[in-house]
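S.K.: Please work out how this folds:
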Amino acid sequence: MPESVEQWWARRRWSKGAAVPYPIGSYRTDWERYPVLIRQYHPDLNHGITLTQVPPAADVYLVWECDAGHRFVATPEEQRSRPGGTRRRSAWCPQCAELAAPRPVRQPEPDAGTHVCGHARDPRRIEADPADDRCYLCRRLDRESLTREQLVSMAAPGSRVAVSAENGTAGAYSWQCPDGHPTYQAKIERILGGKRCPVCRHARAGADRVAVGEAFVSRWAPSPASAAEPELKRRLTERLQLDLGMNAVRVATPFHSHLEVWPDILLPELRVAVEYDTTGRHGLEHVGPRETSDRRKDRLLRAVGWEVVRVRCGKLQPIGPYDLQAGSVTDTLVDRIVDRLGEIRGELFVAAYLR
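M.R.: The predicted structure is shown next:
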């Protein structure tokens, strides 16, 4: 259970038998990838202990202060996981995040009563047959002729299934389509027959037309996040006689509701993906949960026969065996990437594609 920084420091001094259990700078490498957290941490608010003396996994409450002056208490793990899916700088502070995206005030809806089956009426829905006292969900389930056992069989492994024995309805829990793709927080009418499974819907737009492990052009691929990625691609095109027009690789396991991943640069002939990673404008990119997502993407690529070379800029540390650390896109960086390609696929094989 987390404890105050004073109690934690006293306990570590006793357990290690030293006046300073963690010298200043002990965890500098772990924290330097989080420049926003370095600005938010103040030793004078934490018993004089510097951030480089705190292990990232320490179960201790620390006091933080954002640029707006908000003070709050959080553990190191909570702060490193704070950004989530938000790309605003305010995401590092819980008070700023709440002010930037306040919760909407829901207006009470008029009571429209209930159907004979017990389901609540939706005043916004026009019933197709006024004489039919069954609700939309009941008619949908009747059309699909699904039994309670069939509904339960569609539940994703390990999920909570809310199926009523009386009417066979289901709540917003985890389900899987007939192809086995899990769909989280979806009502049963949205997943029946796989018609609204997001993985199936996205795959029909391109991934289903190629084999697992093949590169292709996807409509879902995002635009380059910075000008450095197109510049690196241009310099690689000048050095290697390869087709760099692909932007997606078909994978075997869904990745964020897609059966494809989108590395920054693809070298299909070598089956190598090149990623250019920075912390971004607000220090949110490729840290915390986003680093976990990067590691999962790399595992999916390696599972289908690809290898990954990540160019880690700034204070980002390597997360793969072939990663490089660099400050900007230069000819020297391109030479280092070509050397890495030789280590992965063999120098003679790579030399055949040099211009």
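
S.K.: ok, now which ones touch Tyr41?
M.R.: Going by C-beta atoms under 8 Å, 6 or more residues apart in numbering, Tyr41 touches Leu51, Leu62, Trp64. Backbone N, C-alpha and C define where each C-beta goes, glycine included.

S.K.: Across the sheet, point out what pairs with it.
M.R.: Trp64 (DSSP bridges).

S.K.: likewise Gln325?
M.R.: Taking DSSP bridges as the rule, Gln325 bridges to Arg312.

S.K.: For it, grab the count of nearby residues.
M.R.: Neighbours of Gln325 under the rule other C-beta atoms under 10 Å: 15.

S.K.: which residues does it contact?
M.R.: Gln325 neighbours (C-beta under 8 Å, 6+ apart): Val311, Arg312, Cys313, Leu316, Gln317, Pro318.

S.K.: From Gln53, how far out is it?
M.R.: For Gln325, the distance to Gln53 equals 25 Å [C-beta to C-beta, to the nearest Å].

S.K.: picking that back up, now, which of the contacts of Gln325 sits nearest Ser4?
M.R.: The closest of the contacts of Gln325 to Ser4 turns out to be Gln317 (C-beta to C-beta; 29.9 Å).

S.K.: element containing the closest one?
M.R.: Assessed by DSSP states H and E, Gln317 sits outside every helix and strand.

S.K.: hang on, isn't it packed against Thr29?
M.R.: Yes: contact criterion C-beta atoms under 8 Å: Gln317 and Thr29 qualify, at 6.9 Å.

S.K.: Low-confidence ranges, this structure, go.
M.R.: Applying pLDDT under 70 to the chain picks out residues 84, 105-178, 182-196.

S.K.: One more pass at 80, please.
M.R.: For the chain, applying pLDDT under 80 flags the ranges 83-89, 101-197, 281-282.

S.K.: domain parsing for it?
M.R.: Split into domains by automatic domain parsing, the chain comes to 3-100, 109-196, 203-351.

S.K.: how long is the longest one from one end to the other?
M.R.: Domain 203-351 has its terminal residues 36 Å apart, counting by C-alpha to C-alpha, to the nearest Å.

S.K.: Distance from the chain centre to that domain, please.
M.R.: On the basis of C-alpha atoms, centre = their mean, to the nearest Å, domain 203-351 is displaced by 16 Å from the centre of the chain it belongs to.

S.K.: End to end on stretch 67-76, go ahead and measure it.
M.R.: OK, stretch 67-76 end separation, C-alpha to C-alpha: 18 Å.

S.K.: contacts for that stretch?
M.R.: 2, 39-40, 45, 54-66, 82, 93-96.
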